[in-house]
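*Asks:* return atomic coordinates for the entry below.
(4 chains)
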Protein chains: 2
Amino acid sequence: MAYSKAGQFPRMDVEIASIAKALAHPARVMILQHLARMQTCICGDIVSELPLSQSTVSQHLRELKKAGLIKGEVDGPRVCYCLNIEKLRRANLVLNQLFKDIKCY
Amino acid sequence: MAYSKAGQFPRMDVEIASIAKALAHPARVMILQHLARMQTCICGDIVSELPLSQSTVSQHLRELKKAGLIKGEVDGPRVCYCLNIEKLRRANLVLNQLFKDIKCY
DNA sequence: ATTGTATATCGTAAATATACGATATAAATA
DNA sequence: TATTTATATCGTATATTTACGATATACAAT
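*Replies:* Residues are numbered from 1 along each chain as shown, chains lettered A, B, ... in the order given. This is a model prediction of the structure:
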């Protein structure tokens, strides 16, 4: 991220921002939705679902993994991705708390 | 945004991403929280609340305005900002719908 | 009219994000 | 072992974001 002052913001606000950042690209939103539909957390399929090259999709997957929203597991020559349910529940909680704090729910 | 393919993603996913992007910096989260606390939507106060320069805060305010999450109204030499409650409700709705879609709530 | 105050905008630098093709890696299969 | 397949990473180009100081703007007050 192009901000150099992360330490100067409240911990919770940094967490909210980090979660929001992971959701801040339509490709990544689509990836989450796709992973939710296919319980059998397919992987190369994601590439064919998106209008983006394989390497770009791989970058988005890395972003989602970095934020903890998905997990990837090697399975032979391929990698199976799946949602990280706990972290996503936490994301939902944290965002709802924000809207509650600002009285918009 | 550094993506050139917005038209190729579902409208709803673009909306989610755009909302998330507005929330993707702790300074902007803090601004929303501050505006919620002070109903009298103060403005220059925001600058003194944040560890950032006046011009940088102004940029963040512009981002929030662009996303529609806040409104700014000129009042003499100063500008009063306040939350855009309807848009924030919509943001909450849309994000909750995402978490519902992916079964993480 | 001049001065002061509050914001926005400009110019700029540096970091990060997006996107792709090409290449490397790792594992299954022939 | 060689080949195919699936994915990640590298290199690179471009766009965007973050951040600041300096300057412009717009209004109020002197």
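
*Asks:* and the angle for the lengthiest helix in chain A with helix B:85-101?
*Replies:* Longest helix in chain A by number of residues (criterion: DSSP state H): helix A:85-101. Interaxial angle of helix A:85-101 relative to helix B:85-101 (axes from the mean of the first three to the mean of the last three Cα atoms, to 10 degrees): 160 degrees.

*Asks:* quick one: residues in contact with helix A:85-101.
*Replies:* A:12, A:15-16, A:19-20, A:23, A:32, A:67-69, A:105, B:23, B:29, B:32-33, B:36, B:88, B:91-92, B:95-96, B:99, B:102-105 (Cβ atoms under 8 Å, 6 or more residues apart in numbering or on different chains). For glycine as for every other residue, the C-beta is placed from the backbone atoms N, C-alpha and C.

*Asks:* which of those residues are buried, as a ChimeraX select command?
*Replies:* The buried residues among those can be selected in ChimeraX (16 or more other Cβ atoms under 10 Å in any protein chain shown) with this line:
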select /A:16,19,20,23,32,67,68,69 /B:23,29,32,33,36,88,91,92,95,96,99,102,104
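
*Asks:* quick one: low-confidence ranges for chain A?
*Replies:* Within chain A, the ranges that satisfy pLDDT under 70 run A:1-6.

*Asks:* which one is the most centrally placed residue in chain A nearest to, not counting chain neighbours?
*Replies:* For chain A, the residue nearest the mean C-alpha position is residue A:64 (3.6 Å; Cα atoms, centre = their mean). In space, and not counting its chain neighbours, residue A:64 is closest to residue A:70: 4.5 Å by Cβ to Cβ, 6 or more residues apart in numbering or on different chains.
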